[in-house]
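Visitor: Got a predicted model here, sequence first, then my questions.
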Amino acid sequence: MDIKICAEPFDPWQEIREYQHSSAKDMAGKFGATNIFIGTMRDFNEGDDVKGMTLEHYPGMTEKQLEKIVAEASRQWPVIDTLVVHRVGDILPNEPIVLVAVWTSHRGDAFDASRYIMEALKSRAPFWKKELLKSQAERWLVKNTDGYL
Amino acid sequence: MDIKICAEPFDPWQEIREYQHSSAKDMAGKFGATNIFIGTMRDFNEGDDVKGMTLEHYPGMTEKQLEKIVAEASRQWPVIDTLVVHRVGDILPNEPIVLVAVWTSHRGDAFDASRYIMEALKSRAPFWKKELLKSQAERWLVKNTDGYL
Amino acid sequence: MSIKVRYFASLKESVGRSEDNLEFAGLATVGDVWRRANPSKALPNNSLAAVNMDYVGLDSAVKDGDEVAFFPPVTGG
Amino acid sequence: MSIKVRYFASLKESVGRSEDNLEFAGLATVGDVWRRANPSKALPNNSLAAVNMDYVGLDSAVKDGDEVAFFPPVTGG
């Protein structure tokens, strides 16, 4: 299990490939299913063109909450391994914001655990987004929507 | 949208990266969510050590059914783009068998559409697996299990 | 009428061939096609059938030039 | 008793500082900490609070050396 907070842009495919490679001796042949979610910055939101975003977090608490969330998922589903990567700092449209990858034996567990982690991250991990609009106005996002709706 | 049947091993990260890059002009900044499922060959099944597997398919019907499935998902959820890659032929443990990637605006749709495509693929796409056990015995897999259980 | 019949996976192994080319009059349904091609063998209960690469039931009609396929439950993914 | 108070995001901007170091006796709860640090400002309704990086309610107890944080609903992911 690994949780990474990145202040620089990250390549999700590279992150997953490296992580899977580093865990290969333990995982090879053992997992049948991998579910991956990637959240990417869009260039529009609520009808406005967005130029960029600043992502603030609470160092220490962010990691602590993400560890709890991953532990909760691992208690509910037979998870073999998990990787969570989240950007902070200044972000441009089309850059990845979050990566969740879950390795399991069976596909249902991979989907369920990955979605659980994403929903819990959205509602409990202390990150805050401030958008910079094309109009130069800045605005804090007020609330994440529920992804199960 | 792309559907690929591969007779040789494929690297899922490379496939996604290339596909996303090739579609970049259309997709950049437009999608907020990507859900990816990867099915990988395990080295055990039903209590037996498995050395390898042969995956047979029905050329033409496989593609036709996968196109239908992706179209069904696209009618049910607002899908921006989809990539499906499936191996056929001789497969070794730890090699990827299937990749489903779905790009959407919102995360719930990405999870739902990706899972729908995987479940439908498992129940309707004409592929058949024959396992080669360590004991040298061969056996056809009889039935896929339901991934929503 | 001319019907191409295809078999896959374990069903291909149990009938001992991958395809038949039937040239018979009076083949009305997919079930007729199976019985004509395999007169001494019942289609296994859980088998699936397709006409021109779409799933169909055994009572589905066939016409000249169709490709009819029989196979066991699918196990991909 | 000594309490470190931290503020994040829009709440940090509206209180105009990122942290306080309180040295007061008689701080029993998280709510007390807010009122002592921000006597003329009510905590916005939807705010969240944490003690030592775990979520807590405003009536949760605090003790000497705790880090108490206040912030708006989270919007990561």
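Guide: Nice, I can see it.

Visitor: Give the closest residue to the closest residue to chain B within chain C in space, chain neighbours not counted.
Guide: Sorted by distance to chain B under CB to the nearest CB, the residues of chain C start with C:G76, at 2.6 Å. To be clear about C-beta, it is placed using only N, CA and C from the backbone, and glycine gets the same treatment. Excluding its sequence neighbours, the residue lying closest to C:G76 (CB to CB, 6 or more residues apart in numbering or on different chains) is B:F127, at 2.6 Å.

Visitor: how close does that neighbour get to C:T75?
Guide: 7 Å (CB to CB, to the nearest Å).

Visitor: A:G60 now?
Guide: 48 Å.

Visitor: Contact residues of chain C facing chain B?
Guide: Taking CB under 8 Å from any CB of the partner chain as the measure of proximity, chain C contacts chain B at C:6, C:8-10, C:46, C:50, C:53-55, C:69, C:71-77.

Visitor: From those residues, keep the buried residues only.
Guide: In the residues of chain C next to chain B, burial by neighbour count holds for C:6, C:8-10, C:50, C:53, C:69, C:71-77, counting by 16 or more other CB atoms under 10 Å in any protein chain shown.

Visitor: Stretch C:55-68: end-to-end distance?
Guide: The stretch stretch C:55-68 measures 10 Å between its terminal residues, going by CA to CA, to the nearest Å.

Visitor: Count the neighbours of C:W34 for me.
Guide: Look at C:W34: counted by other CB atoms under 10 Å in any protein chain shown, it has 21 neighbours.

Visitor: so it sits in a strand?
Guide: No: note on C:W34: no strand contains this position according to DSSP: H, G, I helix; E, B strand; the rest coil, which reports helix.

Visitor: Just confirm it contacts C:L43, I think it does.
Guide: Yes: taking contact to mean CB atoms under 8 Å, the distance of 5.0 Å between C:W34 and C:L43 places them in contact.

Visitor: Quick check: neighbours shared by those two?
Guide: Shared between the contact lists of C:W34 and C:L43 (criterion: CB atoms under 8 Å, 6 or more residues apart in numbering or on different chains) are residues C:58, C:70.

Visitor: just the strands in chain A please.
Guide: Applying DSSP state E to chain A gives strands spanning A:2-6, A:33-40, A:44-45, A:48-57, A:79-87, A:89-91, A:96-104, A:127-133, A:138-140.

Visitor: Can you redo those strands as TSV, where the extra columns are mean neighbour count, mean pLDDT and distance to A:W13?
Guide: Formatted as TSV, the entries for those read as follows, by neighbours: other CB atoms under 10 Å in any protein chain shown; pLDDT from 0 to 100; distance: least, CB to CB, whole Å:
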stretch	mean neighbour count	mean pLDDT	distance to A:W13
strand A:2-6	16	98	14
strand A:33-40	26	98	9
strand A:44-45	16	88	25
strand A:48-57	18	96	21
strand A:79-87	23	97	12
strand A:89-91	16	98	18
strand A:96-104	25	98	10
strand A:127-133	20	97	22
strand A:138-140	15	96	31
